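> sharing a model that was predicted from the sequence below.
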Number of protein chains: 2
Amino acid sequence: MRVVCLAGGVGGAKLADGLAQIVAPGELSVVVNTGDDFERHSLAIWPDHDTVLYTLAGLADPVQGWGIAGETWNVMDTLSSLGEETWFRLGDRDLATHLYRTDRLRRGARPTEVAFELGVALAVPTAVLPMTDAPVRTKVETDDGWLDFQDYFVRLRQSPDVRGVAYEGVDAAAATPEVEAAIAAAEAIVVAPSNPVVSIGPILAVPGVLDAIQAARARGVPAVGVSGIVGGKALRGPADRMLASLGEESSAVGVARRYAAAGLLDGIAIDVQDERLAGEVARLGLEVLTTDTVMTDRGSRATLAAGLLDFASSLPARRRVAT
Amino acid sequence: MRVVCLAGGVGGAKLADGLAQIVAPGELSVVVNTGDDFERHSLAIWPDHDTVLYTLAGLADPVQGWGIAGETWNVMDTLSSLGEETWFRLGDRDLATHLYRTDRLRRGARPTEVAFELGVALAVPTAVLPMTDAPVRTKVETDDGWLDFQDYFVRLRQSPDVRGVAYEGVDAAAATPEVEAAIAAAEAIVVAPSNPVVSIGPILAVPGVLDAIQAARARGVPAVGVSGIVGGKALRGPADRMLASLGEESSAVGVARRYAAAGLLDGIAIDVQDERLAGEVARLGLEVLTTDTVMTDRGSRATLAAGLLDFASSLPARRRVAT
């Protein structure tokens, strides 16, 4: 079954790993958010891509969710002693990825090519696809003005209230041929429990991506998502506070409303803790799967992934064709 | 006593350390060759500068002479596993220097400013001055054509015979204001026992450097050098083979002939092993100091440095003013 998963960082990586455990090698493509990407110490850093890649390669640090397990910090510690700000910590092994990538990009390779090469080098059979090859930079508006995403996310630890979000450069961006081909060939589309505003939002804003998904849905290909907000709280990151400060509902309903309004999904999975919200979500026009969505280990990732694919397959063909 | 030292890599670093031990803090400037500089993994690598800097900071690896003592190689090993060629080995702590530098250069800093900042960060009171802020790249001609310097020096381990040398970009380069000021203020000029062709040669080829030294000599400032070839063999590196394949004499006489022809020196130190060559060197028009030039530890570096400054001070004022 050919599956396309839209993903941000840690939550996206977990679901991607679950899907990779149950989908035949070569049949899974993960479209990753590149709005978090930035330059640091003159290196091209792709946080969401690398979190997904390292997770799929079995290298990810299981405690923090990002970076490489057993990492060392000799370069960063030395940079710090040279007086550099090192609030964005890059491990020694992780730095090799950034060095490889930066050099390839400077020599003219497309980001999608570089991602492919890194996947081959780490023996990952899943295609990890940047949402676009063009630069897109997520900015967040706070009471003190606009901030670069990593300034908000890492340096300020997401403490400012977010009043607005912009995906700088996205109007000039385009879905890559690889993303378009993956969606065109998909038999199911899965939206990971990533932040709907700053992880999935940028992907959907890339001209061509949502059109391709809606064209697939019109052909009867089911698209299902998962709420990353459980019991009113984000499992990880600031999605709950972000939805609230943007004037939206900080719950699975808020997530579902975003995706329903975008015309993205046929159905959405909400956590068993949110069972009482199922009716409200259904009234948005989405099919609802109530299940355990909290991925605590590799087994639960595969269980959720299998449940989502079953859910997608079970959606009435009538609904799918009618959409 | 204000001293300017012209230096390449390991030999230059040793003599610079000897001078730094006996000259008052702030009175020593080391003008370093930048012809070996290159880009690797998209990073700005300055081998000679860093060898001098690390040596003066007390960080240098005492066994190999370059790099940082107690270095780790986690980034390089990981880059290698990603399929990158890693014949130019960069340690983890060393990489912090390259990252800092590359970022500063990309933001528009002059190389001389970056060198100053690194010196401050490592608490080195000696000014380590790039010979120029313009890009100069040493190339060597072999029987198989022209090679980038590090291809010849590191990748091919200096095995090809060198038939010619070029300092690409040097005609468009210029001595920096800092190099000119240091030479103008110098009370003695010392040329380290570095490779006369590919370490000292590029420095002298930078428009303005030799003129400034000759102007200083004309004012009576003594300029002395040291042969890095002892008993017909280079203490380190390919200088002996290089002089031979260029059709010159592979000895202290060959070194002295180069410097005499350039009008660079008043006197030169040769090793006690080469005492029989003293007359021949003197006939080139140079004063000769026969001494132990092999620096085996920090103490012998200071001893040689002190001997060279005494030698410089002892040169007949008549000679100096007459030159």
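On my side now, so go ahead.
> CA only for contacts and neighbour counts going forward, please
OK.
> what residues does chain A put near chain B?
By the rule Cα under 8 Å from any Cα of the partner chain, the part of chain A lying against chain B is A:41-42, A:72, A:74-76, A:78-79, A:81-84, A:92-97, A:99-100, A:102-103, A:106, A:118, A:121-122.
> and those, which are buried?
Neighbour counting with 16 or more other Cα atoms under 10 Å in any protein chain shown marks A:41-42, A:72, A:74-76, A:78-79, A:82, A:92-97, A:99-100, A:102-103, A:118, A:122 as buried within the residues of chain A next to chain B.
> in what helix or strand does residue A:119 lie?
helix A:111-121 (DSSP states H and E).
> now do the buried residues in that helix.
Applying 16+ other Cα under 10 Å to helix A:111-121 flags A:111-119 as buried.
> just name the closest of those residues to chain B, please.
Nearest to chain B, judged by Cα to the nearest Cα, of those is residue A:118 at 7.2 Å.
> correct me, but residue A:175 touches residue A:210?
No. If you go by Cα atoms under 8 Å, residue A:175 and residue A:210 don't touch, sitting 9.5 Å apart.
> neighbour-wise, which of those two wins?
The neighbour count for residue A:175 versus residue A:210, taken as other Cα atoms under 10 Å in any protein chain shown, is higher for residue A:175 (22 against 18).
> can you give me the buried ones in stretch A:17-30?
Applying 16+ other Cα under 10 Å to stretch A:17-30 flags A:17-21, A:23, A:27-30 as buried.
> make TSV from these and add secondary structure and pLDDT to it.
Compiled in TSV, these are given as follows (DSSP: H, G, I helix; E, B strand; the rest coil; pLDDT from 0 to 100):
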residue	secondary structure	pLDDT
A:17	helix	98
A:18	helix	98
A:19	helix	98
A:20	helix	98
A:21	helix	98
A:23	coil	97
A:27	coil	97
A:28	strand	98
A:29	strand	98
A:30	strand	98
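> need those residues in JSON lines (columns: distance to residue A:218).
Listed next are the buried residues of stretch A:17-30 as JSON lines, based on distance: Cα to Cα, whole Å:
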{"residue": "A:17", "distance to residue A:218": "28"}
{"residue": "A:18", "distance to residue A:218": "27"}
{"residue": "A:19", "distance to residue A:218": "24"}
{"residue": "A:20", "distance to residue A:218": "26"}
{"residue": "A:21", "distance to residue A:218": "28"}
{"residue": "A:23", "distance to residue A:218": "23"}
{"residue": "A:27", "distance to residue A:218": "21"}
{"residue": "A:28", "distance to residue A:218": "21"}
{"residue": "A:29", "distance to residue A:218": "20"}
{"residue": "A:30", "distance to residue A:218": "21"}
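> quick one, helices of chain A?
For chain A, the helices defined by DSSP state H cover A:10-22, A:47-56, A:74-81, A:92-106, A:111-121, A:149-150, A:177-185, A:201-205, A:209-218, A:239-245, A:252-262, A:278-282, A:298-314, A:317-322.
> how far does the third one sit from the chain's center?
Same thing as helix A:74-81. For helix A:74-81, the gap between its own C-alpha mean and the chain's C-alpha mean amounts to 30 Å (Cα atoms, centre = their mean, to the nearest Å).
> what packs against that helix?
Applying 3 or more Cα pairs under 8 Å, 6 or more residues apart in numbering or on different chains; DSSP states H and E, one finds that helix A:74-81 contacts helix A:92-106, helix B:92-106.
> now render those helices as TSV, adding distance to residue B:13 and mean pLDDT.
Putting those into TSV (distance: least, Cα to Cα, whole Å; pLDDT from 0 to 100) gives the following:
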stretch	distance to residue B:13	mean pLDDT
helix A:92-106	28	98
helix B:92-106	16	98
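> the nearest residue to residue A:214 once chain neighbours are set aside: neighbour count?
Excluding the flanking residues, the one nearest residue A:214 by Cα to Cα, 6 or more residues apart in numbering or on different chains is residue A:264, at 6.8 Å. By the criterion of other Cα under 10 Å, residue A:264 has 21 neighbours.
> one more: residue A:139?
22.
> I'd say it and residue A:169 touch.
No. The criterion here is Cα under 8 Å, and residue A:139 misses it with residue A:169 at 10.6 Å.
> quick one: end-to-end distance for stretch A:163-183.
Stretch A:163-183 has an end-to-end distance of 32 Å (Cα to Cα, to the nearest Å).
> same deal with stretch A:15-34?
Across stretch A:15-34, first to last residue, Cα to Cα, it's 18 Å.
> and for stretch A:138-155?
Start-to-end, stretch A:138-155 (Cα to Cα) is 15 Å.
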